[in-house]
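> Build me a model from this:
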Amino acid sequence: MLQTIAAIFILVSIQSQALFGQCNKPFKPGNSCETAPVICSVGDLDGYCTTLQDVVNPSGPNPLCLSSGGGVPNNTAWIGFVAGSSNMAIEVIPGNCLDVGGNTGFQTGIITGCPPNSKEIVCTGTCVNAPYLLSSQNFVPGKLYYLWIDGCGGPFCDVTIDMIQGSIQSSDPPGSIGNINGENHLTCTSGFVTYSVPPVKGATSYYWTLDGLSVGDIKKDTNSISLQIKDAGTHLLCVDVANYCHDVTSLPAQKCFQIEVEGILLTDTTLVPLLCYGDKNGAVGFEVSGGTPPYSFQWSTGDTTSSISNLKAGKYLLTVKDDSVCSKNVVFNLSQPDSLELILYIFNTSGPDLLDGKSILNVVGGTPPYKILWSTGDSVNVLDKLSPGGYCVTVTDFNDCVKYECGVVEKGSGTGTNEPLCSDWKLFPVPAKDYLYLQHLQPDNRAVQLRIVSAEGKEMVRRHEKNTTSTIPLFIGNLPSGVYYLAVFHDSKQLYARFLKQ
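I've put the predicted structure just below:
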């Protein structure tokens, strides 16, 4: 007899594992009634499977089943469905249930509504470790129901659902949304005002937004909302609808309603921008109207005047209040240009008696166009045929922001077009065709910036390497033939070399 019972248990266990291995998992169950996913087709429910997790989640009814065994929730999983027939039978099949403190198996049931306002349809609060049939002839087609499954004592348990009888109904999309009703002309003292739309056929949730932001409950199940709008100006109130099987991205289109609110208005706003990076001479000013004078001002800087000055770049929050309950919050953003930066590439002479030094200037940031003035009197980006010595450049941008930089051309020791970077670096091959390789003979983990500049001063290649532990390949196959300059920025040093591209 015991052998027969054991054989039956093994057979049920093998069948359960086989069903679980072939099941479908279109989505995870909810951890509460309110977050339960709603299944909208028989195909999704029939063969659906999940695993009860070993977590404390007592979100089921308490007791679980008044009509059969009571029971206490432990780790409840939830699934919603819309009944398609009055007579339905759903089988819940367990598998691989683990014993926790002497408890094994599961409890399950079907309810309408969410706890604590739920109503039992069919359930068991007694622990079972074999397929259990949830059957009733009292389902209402088109009504939403919730199937809950709970582990006895909270064990792990694989669960498969088998649709024995009945059908699941997929609701039609909600009908069209009527016009929004409510006041469209308010003052900031109007208090709360109710807005509504006629009930939408097939809608179970109404989503309200004001100026693009959600207001009220995220999933409001009523067709009205009460709002208090104090901020003067034009506002846009919109409503969208959804139901169990169709979200707000589906039809119908949302309905919107424009609302004018009289209150404090800021006009003739004046922003004095920052012309140069790092300046502190910005200012904000405006005129105030509407509401009930006198007005009070509170800035994020602590100032209490209507205008503020001597400002650096950034955001400044202002709160204006009148003599009644009206207020207005405004954020002013003072911008500034990027920092004016000069990048000088200084190339030494090829030999001690040669006058072929070069200085190449790249200007970034600020506000173009730029005025360039070298200590030689030149006003170009590239100085060539230079003798050893110091060379300085002043750059003035469109806003009269000024930057000054100097460099020194030194005597070279070589006689060719390739000038060695220094004894720590090796550049090869020279001349180069498709790839130029840079090797640090004393590699380290410090970052290196690499730039290749044409003889005319145009930056052609820019690379950033996190370290110099290996040889760095530079692709130059797309560059025209000619003389180029490699700049290496490493360890607070700037090193340069000429090379020939074939």
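> pretty sure residue 396 contacts residue 402?
Yes. Contact criterion C-beta atoms under 8 Å: residue 396 and residue 402 qualify, at 5.2 Å. To be clear about C-beta, it is placed using only N, CA and C from the backbone, and glycine gets the same treatment.
> more neighbours, these two?
A count of neighbours by other C-beta atoms under 10 Å puts residue 396 above the other of residue 396 and residue 402, at 16 against 13.
> Could I get the phi/psi values of the nearest residue to that one once chain neighbours are set aside?
Nearest residue to residue 396 in three dimensions, chain neighbours excluded: residue 371, at 4.4 Å (C-beta to C-beta, 6 or more residues apart in numbering). Backbone torsions of residue 371, given as degrees, to the nearest 10, read phi -110, psi 130.
> What pLDDT does the model give residue 371?
According to the model's per-residue confidence, residue 371 sits at a pLDDT of 96.
> going forward, begin numbering at 6 instead of 1
Done: numbering now begins at 6, and the last item shifts to residue 376.
> check contacts around it.
Applying C-beta atoms under 8 Å, 6 or more residues apart in numbering, we find residue 376 in contact with 384, 400-402.
> For ChimeraX, write a command that selects the buried ones of those residues.
Filtering those down to the buried ones (16 or more other C-beta atoms under 10 Å) takes a single ChimeraX command:
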select :400,401,402
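> Report the separation between the residue most central in space within the chain and residue 243.
For the chain, the residue whose C-alpha lies nearest the mean C-alpha position (C-alpha atoms, centre = their mean) is residue 218; its distance is 16.5 Å. Using C-beta to C-beta, to the nearest Å, residue 218 is found at 10 Å from residue 243.
> where do the contact lists of these two overlap?
The overlap between the contact sets of residue 218 and residue 243 (C-beta under 8 Å, 6+ apart) is empty.
> residue ranges with poor pLDDT in the stretch 156-305 of the chain?
Across the stretch 156-305 of the chain, residues meeting the criterion (pLDDT under 70) sit at 159-160, 176, 222-226.
> Who does the strand or helix carrying residue 169 pair with, and is each partner parallel or antiparallel?
With secondary structure defined by DSSP states H and E, residue 169 is part of strand 162-170. When pairing is defined by DSSP bridges, strand 162-170 lines up against strand 54-57 (antiparallel), strand 93-100 (antiparallel).
> Next, the buried residues of that strand.
Within strand 162-170, the residues scored as buried using 16+ other C-beta under 10 Å are 162-168.
> Which residue ranges of the stretch 306-455 of the chain form strands?
313-316, 319-326, 332-339, 346-352, 362-369, 376-379, 387-391, 394-401, 407-414, 430-433, 440-445, 453-459 (DSSP state E, counting those that start in this stretch).
> out of those strands, which comes closest to residue 98?
Nearest to residue 98 among the strands of the stretch 306-455 of the chain is strand 332-339; the distance by C-beta to C-beta comes to 58.1 Å.
> Report the rounded mean pLDDT for the closest one.
Across strand 332-339, pLDDT averages out at 89.
> what's the answer for stretch 440-460, then?
Mean pLDDT, computed over stretch 440-460, is 85.
> For residue 235, list the residues it contacts.
So, once contact is read as C-beta under 8 Å, 6+ apart, residue 235 ends up touching 193, 266, 268, 330-332.
> Of those residues - the most surrounded one?
Ranked by neighbour count under the definition other C-beta under 10 Å, those are headed by residue 268 with 25 neighbours.
> Surely that residue and residue 334 touch.
No. Residue 268 lies out of contact with residue 334 (C-beta under 8 Å); the separation is 11.7 Å.
> any common contacting residues for those two?
Common neighbours of residue 268 and residue 334 are listed as residue 236 (criterion: C-beta under 8 Å, 6+ apart).
> about what we covered before: where is pLDDT lowest across the contacts of residue 376?
Pick the lowest pLDDT in the contacts of residue 376 and you get residue 384, at 93.
> re the thing from before, for the strands of the stretch 306-455 of the chain, give me TSV that also has distance to residue 49.
Below are these laid out as TSV (distance: least, C-beta to C-beta, whole Å):
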stretch	distance to residue 49
strand 313-316	59
strand 319-326	49
strand 332-339	47
strand 346-352	60
strand 362-369	58
strand 376-379	70
strand 387-391	70
strand 394-401	67
strand 407-414	66
strand 430-433	65
strand 440-445	57
strand 453-459	56
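> neighbouring contacts of the host helix or strand of residue 488?
Element membership for residue 488 (DSSP H and E) is strand 487-495. Residues external to strand 487-495 that are found in contact with it (C-beta under 8 Å, 6+ apart): 350, 352, 363, 365, 422, 426, 430, 432, 441, 443, 445, 451-460, 465, 473, 479, 481, 499-506.
> Please pick the buried ones from those.
Looking at those with 16+ other C-beta under 10 Å, the buried ones turn out to be 350, 352, 363, 365, 426, 430, 432, 441, 443, 445, 453, 455-459, 473, 479, 481, 500-504, 506.
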